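Participant: Curious how this folds, go ahead:
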Amino acid sequence: MGRMVDTWRSHLLTTFSGDDAGKPAWVEKMADGDDAGFFGPGSAAWAVHGGTATLIAGIRALLLQTLHPGAMAGVHDWSRYQEDPLGRLSGTIRWLLTVTFGDTAQARAESTRVGRYHNRVVGTYVAADGTEHPYTAGDPELLSWVHVVFTDAFLTCDEIWGGTIPGGADQYVREWATAGELVGVVDPPRSKAELTAAFEAFRPSMKSDERVAEAVRFIRNPPLRRTMMPAYRILFAGAVASIPAQQRRMLGLRRPWWPAITANRAVLWGVGMILGRSSTSEDAARARLARLARTAADDPT
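Facilitator: The predicted structure follows:
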C-alpha cells in the first residue's frame, strides 16, 4: 500500500511540477527570496491556491477559455498543448505558484517570462459576429478574458470544494487582481460582483466551433498515465458540473447524472492524503519567511 501511495505521489508531482519530488529548481528558489511576496500566510491567495480544489479549477479554466475565439485561435495556432500538454501545464502551474508563494522579485520575473513567450503569439480570428479580427496574446481584451476566467474558476471551485477563504471571495478577487496586473491586465475586477459583471460582459464574444470541440475532446482525454485516468475523469466531471448551463451547452457538455460534486470531495480528500497538507511551494515560502524573520531579529538596527 505504501509503495502504491509513493508511486501516485510521484506521478502527481511530476504532472504538476515536472519533478517527481515536487521540487524543481524554481520551487527551491522560492526559499531564497528577499521579502514576503505579494500575499503571504493568512492571505486569500495562499488559501485558495494551496488547496486541492485547484485541480478542478484548472480544468474548468481551460474549458471556459476556449469559448473566446481570440483565445482559442492563439491556443490553436501557437500552443504546443497536443505535443507537450504536461509541459504547458507545468509552465502554467509554475507561474501560478511563483506569483502566489514567491517573493515580489520572483513574481515579477516569472510574469515577465510569461509575457516574453506571449510576444510572438499573433494572428487573426473570426469573432462571434462573423467578422475577422487580428489578435496578439497581449491584446487587452484577451488578457482580461483569461484573467477573468482564471479567477472565476479558482474562486468557484474553492467555494464548492475548499475551505474558508480569509476575507471572503471579495478579498481573493482583490488580491489576485495583482497577478492580473503583473501580466498586463488593465483594471482587473476587485470584487466578486465586479468579477461576475466582467464575465457577463464577455457573453456576446463567446463562440462555439470545431476548434472548441477539438480542445474539449483533448481536455476530456489528456495523455495522462492510465492509472491516473479514473480519478481525472471524476475531476473533469466536477469541473463540468461547476460550469453554468449556457457555457456547458456551448462546450457540448452535459452535467453528469451522478453526484460529481460529492464524488470529487472524496477524490480531493485522497489527493490531500497523498500529497500532504501543504505544497512544496508553500513550504519553501515559509522557509523564506522564517529566514527573513531570523535575520530581522539578529539585526540590532
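Participant: where exactly do the strands run in the protein?
Facilitator: Here the chain has its strands, by DSSP state E, at 122-126, 132-136.
Participant: The first one to strand 132-136, inter-axis angle?
Facilitator: In this case it means strand 122-126. Orientation check (axes from the mean of the first three to the mean of the last three CA atoms, to 10 degrees): strand 122-126 against strand 132-136 gives 150 degrees.
Participant: now what about strand 122-126, what contacts it?
Facilitator: 69-70, 72-74, 77-78, 132-137 (CB atoms under 8 Å, 6 or more residues apart in numbering). Heads up, the C-betas are built off the backbone N, CA and C, glycines and all.
Participant: Just put those residues in JSON lines and tack on pLDDT, distance to residue 100 and neighbour count.
Facilitator: Formatted as JSON lines, the contacts of strand 122-126 follow (pLDDT from 0 to 100; distance: CB to CB, whole Å; neighbours: other CB atoms under 10 Å):
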{"residue": "69", "pLDDT": "91", "distance to residue 100": "30", "neighbour count": "22"}
{"residue": "70", "pLDDT": "89", "distance to residue 100": "27", "neighbour count": "23"}
{"residue": "72", "pLDDT": "85", "distance to residue 100": "27", "neighbour count": "21"}
{"residue": "73", "pLDDT": "83", "distance to residue 100": "29", "neighbour count": "19"}
{"residue": "74", "pLDDT": "77", "distance to residue 100": "24", "neighbour count": "23"}
{"residue": "77", "pLDDT": "70", "distance to residue 100": "29", "neighbour count": "14"}
{"residue": "78", "pLDDT": "58", "distance to residue 100": "26", "neighbour count": "15"}
{"residue": "132", "pLDDT": "90", "distance to residue 100": "38", "neighbour count": "8"}
{"residue": "133", "pLDDT": "86", "distance to residue 100": "33", "neighbour count": "15"}
{"residue": "134", "pLDDT": "86", "distance to residue 100": "33", "neighbour count": "10"}
{"residue": "135", "pLDDT": "82", "distance to residue 100": "28", "neighbour count": "21"}
{"residue": "136", "pLDDT": "79", "distance to residue 100": "26", "neighbour count": "16"}
{"residue": "137", "pLDDT": "71", "distance to residue 100": "22", "neighbour count": "22"}
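Participant: From those, pick the one nearest residue 201.
Facilitator: Ranked by distance to residue 201 (CB to CB), the contacts of strand 122-126 are led by residue 70 at 14.8 Å.
Participant: list the contacts for that closest one?
Facilitator: 125, 127, 133, 135, 139, 141-142, 145.
Participant: at 6 Å what do you get?
Facilitator: 125, 135, 142 (CB atoms under 6 Å, 6 or more residues apart in numbering).
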